[in-house]
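Asks: Sequence first, then the predicted structure, then my questions.
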Amino acid sequence: MQKQEITSLPKSLAEARAVGNNLYYTGVECKQGHLTYRYVKDRVCSACLKAKVKKASTQGGGNARRWANKTPEQLVLIYAKRKKYYVETTETRRKEKRRSVNKLKQTSDWIEKHRAAGKQWKQKNPGKVRANTIKRRLAKMHRTPAWLSPDDHWMVEQAYEIAALRTTMFGFSWHVDHILPLQGELVSGLHVPTNLQVIPGVDNVRKANKYLPA
């Protein structure tokens, strides 16, 4: 790039971003004493990038020697392309991992392992279990409105009886879940019949205090 062209570049990083330019020239030497234009993407000067590539070409092999003939502009494009590929492949791997974990959680072996770990934790932490139980009980008391009728209280009891009956029939735990959690971060519901649903215990544990609209 000619000196006249360099001086016509934006004078700061903010100015370059504002006009959508990939290069800028501050007129100040970099840490290595180079007085040349810099790249908006990583704020490195072109001379430093050339020196880095040249050093890699003499010490390394393969790609390093092939990149030694590339201009800084070409290197920036190659870097952006490879970074995009890395991000896309990483996200794909994460999605596949999440799918495999979700499939694993649906197996009976995982359920039994999770249940055994939970029992072991409760045996080792009786104080925390007691504190959580009291906290949960108080939350239900505070979120149970005074205007509930006797029929409403009966329907709440029926939900817990249904959960106990299903646990006995199917051989695994069923819970009474609050559709709108009593202690949700974004929204909280009431301890009323219309806010209750009987679901498998594994799904209730996975849901925690989150609201999952249909």
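Replies: In hand now; what should we look at? Residues are numbered from 1 along each chain as shown.

Asks: Can you name the element that comes right after the lowest-mean-pLDDT helix or strand in the chain?
Replies: Across the helices and strands of the chain, the lowest-confidence element by mean pLDDT, DSSP states H and E is helix 63-67, at a mean of 58. Once helix 63-67 ends, the next helix or strand along the chain (criterion: DSSP states H and E) is helix 72-105.

Asks: I'd like to know which elements that next one is packed against.
Replies: Helix 72-105 sits against helix 46-59, with contacts defined as 3 or more C-beta pairs under 8 Å, 6 or more residues apart in numbering; DSSP states H and E. In this view, the C-beta of every residue, glycine as well, is placed from N, C-alpha and C.

Asks: The helix it packs on to helix 72-105, inter-axis angle?
Replies: 70 degrees (axes from the mean of the first three to the mean of the last three C-alpha atoms, to 10 degrees).

Asks: the domain parsing of this protein - what is it?
Replies: 3-100, 115-207 (automatic domain parsing).

Asks: Using a markdown table, lay out these together with distance to Thr107 and mean neighbour count.
Replies: Shown next, in a markdown table, are the domains of the chain (distance: least, C-beta to C-beta, whole Å; neighbours: other C-beta atoms under 10 Å):
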| stretch | distance to Thr107 | mean neighbour count |
| --- | --- | --- |
| domain 3-100 | 11 | 13 |
| domain 115-207 | 11 | 13 |
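
Asks: Kindly state which of the ones you listed is positioned closest to Asp109.
Replies: domain 115-207 (10.7 Å; C-beta to C-beta).

Asks: What is the end-to-end distance of that closest one?
Replies: Length of domain 115-207, first residue to last, C-alpha to C-alpha, to the nearest Å: 16 Å.

Asks: avg pLDDT for it?
Replies: The predicted model gives domain 115-207 an average pLDDT of 84.

Asks: what about the strands in this structure?
Replies: 23-24, 38-39, 174-178, 196-200 (DSSP state E).

Asks: tell me what the third one is packed against?
Replies: Same thing as strand 174-178. Using 3+ C-beta pairs under 8 Å, 6+ apart: strand 174-178 touches helix 150-170, strand 196-200, helix 201-207.

Asks: Kindly reformat the domains of the chain as JSON lines containing distance to Asp109.
Replies: Formatted as JSON lines, the domains of the chain follow (distance: least, C-beta to C-beta, whole Å):
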{"stretch": "domain 3-100", "distance to Asp109": "14"}
{"stretch": "domain 115-207", "distance to Asp109": "11"}
